[in-house]
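**Q** From the sequence below, what's the structure:
(one chain, ligands or ions: 1)
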Amino acid sequence: MNNTFYGKKILIAGGSSGIGLAVAKQAQTNGACVVVASRNAEANAGVIFKTIGESIELHSFDITIQSDRRRLLEFAGCIDHLVITVRPDMKSLLFQEVEITRAISAFNTKFWGQYGLIQQAQHFINDNGSIILTSGIAGEKIYKGFSTMAIINSATETLCMSLAVELAPLRVNVVSPGFVEPKPKEIREYACQFPLRKLASLDDVAKAYIDIMASPYQTGTITVIDGGARLI
Ligand SMILES: NC(=O)c1ccc[n+]([C@@H]2O[C@H](COP(=O)([O-])OP(=O)(O)OC[C@H]3O[C@@H](n4cnc5c(N)ncnc54)[C@H](OP(=O)(O)O)[C@@H]3O)[C@@H](O)[C@H]2O)c1
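**A** Below you'll find the model as predicted:
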């Protein structure tokens, strides 16, 4: 345990599993008071408490619903950092196979969800605080079957840069993960071709969020954590 975030409050939207939960764990280890929010955060309290202890605060909300976003912010109160790691329910499908309603729903969850939450959160975040959005390698490297995630992630990165200018002195950054554990066998085999020859662990990716929150002059940046996957 160290005290980098002693006295700081960090809200993690989409923090009940995966990357968000790993960020919650590291933030807490660094002394932060952490609020984790997702649709089933309270229902999954047992698993979350087991992973990171019971001092965490949990709140259930749906990022696509404006009144849920407002209630979450009122619950969290004044915060220092807002991290958003919500993932839409979107399978890999070729463009011609994607039902447009599914694509719109994914956009609503990940892109408009981040957009709406940040718009409503502005007055809840301390001036010397920060916002971290999440994009993903599909925004930068083109893979068949990921056209919808590609445009969502690219839009997220452009939003980050616009907000870094408009919301200053609040800092706004984005983390772009590559391929993160756990993954099926064929993806693990593909990862052997990366310069770092393996998938990222959840902790590898979470560390990027922690470093950005602690980096007082960093804004408008895209931090890529992909083991070099985009280069092959
Ligand atoms: N994992 C990877 O390999 C990878 C690679 C590149 C990019 N990314 C990006 O990294 C981010 C996190 O991914 P992950 O793999 O950690 O995802 P994950 O384990 O599936 O976690 C997603 C989180 O989002 C929450 N969520 C989903 N829909 C929501 C909604 N409508 N309202 C509120 N919360 C919602 C989930 O909880 P509930 O179900 O309780 O709502 C959960 O806490 C995503 O943006 C993803 O696109 C991940």
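**Q** Now do the nearest residue in space to Tyr6 that is not next to it in sequence: how many residues are near it, please.
**A** Nearest non-adjacent residue to Tyr6, counting by C-beta to C-beta, 6 or more residues apart in numbering: Gly31, 3.9 Å away. Just so you know, the C-beta spots here come from the backbone N, C-alpha and C atoms, and that holds for glycine as well. Each residue near Gly31 was counted by other C-beta atoms under 10 Å, and the total is 14.
**Q** likewise Met90?
**A** Counted with other C-beta under 10 Å, Met90 comes out at 18.
**Q** can you check the one 10 residues further on too?
**A** Taking other C-beta under 10 Å as the criterion, the count of residues near Ile100 is 8.
**Q** Spit out the contact partners of it.
**A** Going by C-beta atoms under 8 Å, 6 or more residues apart in numbering, Ile100 touches no other residue.
**Q** do you know how far it is from Pro88?
**A** 14 Å (C-beta to C-beta, to the nearest Å).
**Q** cool, Gln122 as well?
**A** From Gln122 over to Pro88 (counting by C-beta to C-beta), the distance is 23 Å.
**Q** For those two, indicate the residue with more neighbours.
**A** Per other C-beta under 10 Å, whichever of Gln122 and Pro88 has more neighbours is Pro88, with 19 against 14.
**Q** The lowest-mean-pLDDT helix or strand in the chain near the ligand anywhere?
**A** Every helix and strand in the chain was compared by mean pLDDT, DSSP states H and E; the lowest is helix 45-52, with a mean of 94. No. Using C-beta under 6 Å from any ligand atom, helix 45-52 stays clear of the ligand, coming no nearer than 9.4 Å.
**Q** Likewise for stretch 121-134?
**A** Yes. Looking at stretch 121-134 against the ligand by C-beta under 6 Å from any ligand atom, the contacts come from Thr134.
**Q** Need the residues that contact that stretch.
**A** Here stretch 121-134 makes contact (C-beta under 8 Å, 6+ apart) with 11, 14, 19, 69, 73, 76-86, 114, 118, 156, 159-160, 163, 167, 169-177, 209, 212-213, 216, 219.
**Q** same deal with stretch 32-42?
**A** Contacts for stretch 32-42 (C-beta under 8 Å, 6+ apart): 5-6, 8-17, 20-21, 24, 27-28, 44, 48, 52, 56-62, 72, 75-76, 79-80, 86.
**Q** Put the buried members of the residues you listed into a PyMOL selection.
**A** Only the buried entries of the contacts of stretch 32-42 go into this PyMOL selection, using 16 or more other C-beta atoms under 10 Å:
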select buried, resi 5+8+9+10+11+12+13+14+15+16+17+20+21+24+27+28+44+48+52+56+58+59+60+61+62+72+76+79+80+86
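**Q** taking the contacts of stretch 32-42 one by one, which sit in helices?
**A** Counting by DSSP state H, the part of the contacts of stretch 32-42 found in helices is Gly20, Leu21, Ala24, Ala27, Gln28, Ile48, Ile52, Leu72, Phe75, Ala76.
**Q** Kind regards, and thank you for your time.
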